[in-house]
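S.K.: Got a predicted model here, sequence first, then my questions.
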Amino acid sequence: MKFLIATCLIFSMLPSSGIASDIDNKDKIVVTLPPLSGLVVMLLPEVQSHCLLSANADPHHFQPSPRQVDMLQQSPLFIRASRDDQGWPIKAQRSQTLDLWPIQNHGWLQFEQVRIVLPKLAKTLSQHFPLYQDKIATRLNLALQAVNDLDNEWRKTLQTIQKKGVFVQHPAWLGLLKAKHIPVWSVLESEQHGHEHGPKHLEQALVTLKQHSNALLLGSKRHSNRSLEWLNNHQKDPSSIIKLDALGKCNQPWNKLMQDNLKQLIQLNQS
């Protein structure tokens, strides 16, 4: 597969020890969410990223630690997606802040959005870290190719479920699903994690599920899928719930995050 070749090329350019181990806050890039660090890794693995959101934490109830506040003040660059972290109690100078998605929810899960922001990110990284300007330019081309190849792989896989449609617990993946023309029969939770829709909405979803009993059930690895599980348990023939991960881990390359989620879809679709 083409996207695997592009991935290998990107990883071949990483330092042999993985992400740089330098712990000087002045050499760290601070990001709000793990997938933003994943975009940085594809372009500039030499500079360590620190994710404010820790593993398995709820992004809607985030509070920075004193250490993170100090790190944010000292970091040369702060990268955020303010549409998703707009409620966070964080302050940073405008001159050091790059807001990748001020109006787009979960922009990193949409291939077109990633294609748009990667050149912008590369330009900012080059300005803050001019020593790596040539390497960033080379990696940008590889990263864009990886996005295109992954986009094609996702499109091919989603085409096989286009007639089935999906029910989703949380709307993180809605942008991608709509871009690929996948029917979304029901969304069981609002943008706020844990804010599930009421009983009436759930009952309507159950009626719809009976009409589309072969639909895929998309859950989340990050939080409860109780509404989706309730729907599934009320089916005559319950099916598997695919639990996707919209955030991944800090410093996990973005293309690896998307590949891992794609594998989940492929495995269930082949079973």
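M.R.: The structure has been received and is ready for your questions.
S.K.: continuing past the worst-scoring helix or strand of the chain on mean pLDDT, what's the next helix or strand?
M.R.: Ranking every helix and strand in the chain by mean pLDDT, DSSP states H and E puts helix 2-12 at the bottom, with a mean of 49. Remark: after helix 2-12, the chain's next helix or strand is strand 29-31, criterion DSSP states H and E.
S.K.: Give me the contacts around that following strand.
M.R.: Contact with strand 29-31 is made by 37, 40, 44, 47-52, 68, 71-72, 75-80, 92, as judged by Cβ atoms under 8 Å, 6 or more residues apart in numbering. C-betas here are computed from N, CA, C, even on glycine.
S.K.: Looking at those residues, which are in helices?
M.R.: Counted as lying in helices by DSSP state H, out of the contacts of strand 29-31, are 37, 40, 68, 71, 72.
S.K.: ok, those residues vs residue 256, which is closest?
M.R.: residue 37 (11.9 Å; Cβ to Cβ).
S.K.: That closest one contacts residue 251, doesn't it?
M.R.: Yes: Residue 37 is within contact range of residue 251, at 5.1 Å (criterion: Cβ atoms under 8 Å).
S.K.: quick one: common contacting residues for the two?
M.R.: Common neighbours of residue 37 and residue 251 (Cβ under 8 Å, 6+ apart) are 49, 51.
S.K.: which one of the two has more residues nearby?
M.R.: Set residue 37 next to residue 251 and count neighbours by other Cβ atoms under 10 Å: residue 37 wins out with 26 against 19.
S.K.: any idea how far that one lies from residue 210?
M.R.: 42 Å (Cβ to Cβ, to the nearest Å).
S.K.: list the helices and strands the helix or strand containing residue 148 packs on?
M.R.: Using DSSP H and E, residue 148 sits within helix 133-159. Counting contacts by 3 or more Cβ pairs under 8 Å, 6 or more residues apart in numbering; DSSP states H and E, helix 133-159 packs against helix 2-12, helix 34-43, helix 111-128, helix 254-270.
S.K.: by how many degrees do it and helix 34-43 diverge?
M.R.: 130 degrees (axes from the mean of the first three to the mean of the last three Cα atoms, to 10 degrees).
S.K.: coming back round to it: list buried residues within the ones in helices among the contacts of strand 29-31.
M.R.: 37, 40, 68, 71, 72 (16 or more other Cβ atoms under 10 Å).
S.K.: out of the residues you listed, which one sits closest to residue 241?
M.R.: Distances from residue 241 to those, taken by Cβ to Cβ, are shortest for residue 37, at 27.8 Å.
S.K.: before we move on, back to that, emit the PyMOL select command for whichever of the contacts of strand 29-31 are buried.
M.R.: Restricted to buried positions by 16+ other Cβ under 10 Å, the PyMOL selection for the contacts of strand 29-31 reads:
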select buried, resi 37+40+44+47+48+49+50+51+52+68+71+72+75+77+78+79+80
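S.K.: Now for the residue sitting furthest away from the middle of the chain: which residues touch it?
M.R.: In the chain, residue 236 marks the outermost C-alpha relative to the chain mean, sitting 33.4 Å out by Cα atoms, centre = their mean. Residue 236 makes contact with residue 213, according to Cβ under 8 Å, 6+ apart.
S.K.: Give me the angle between the helix holding residue 148 and helix 254-270.
M.R.: 10 degrees.
S.K.: Point out where this protein drops to low pLDDT.
M.R.: Within the chain, the stretches with pLDDT under 70 are 1-26, 55-58, 60, 190-197, 269-271.
S.K.: Helix, strand or coil: sort out residue 243 for me.
M.R.: Under DSSP: H, G, I helix; E, B strand; the rest coil, the three-state class of residue 243 is strand.
S.K.: Convert stretch 160-172 to CSV, retaining C-alpha atoms only.
M.R.: Taking C-alpha atoms only, stretch 160-172 is exported to CSV below (Å, rounded to 0.1, in the frame of the first residue of the first chain):
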residue,chain,number,x,y,z
THR,A,160,-18.0,-1.2,1.7
ILE,A,161,-20.3,0.0,4.6
GLN,A,162,-22.0,2.9,2.7
LYS,A,163,-25.3,1.0,2.3
LYS,A,164,-25.2,0.0,6.0
GLY,A,165,-24.8,3.3,7.6
VAL,A,166,-23.6,3.9,11.2
PHE,A,167,-24.8,4.8,14.7
VAL,A,168,-22.3,6.7,16.7
GLN,A,169,-21.9,7.4,20.5
HIS,A,170,-19.9,10.6,20.1
PRO,A,171,-19.8,12.9,17.1
ALA,A,172,-16.0,13.1,16.8
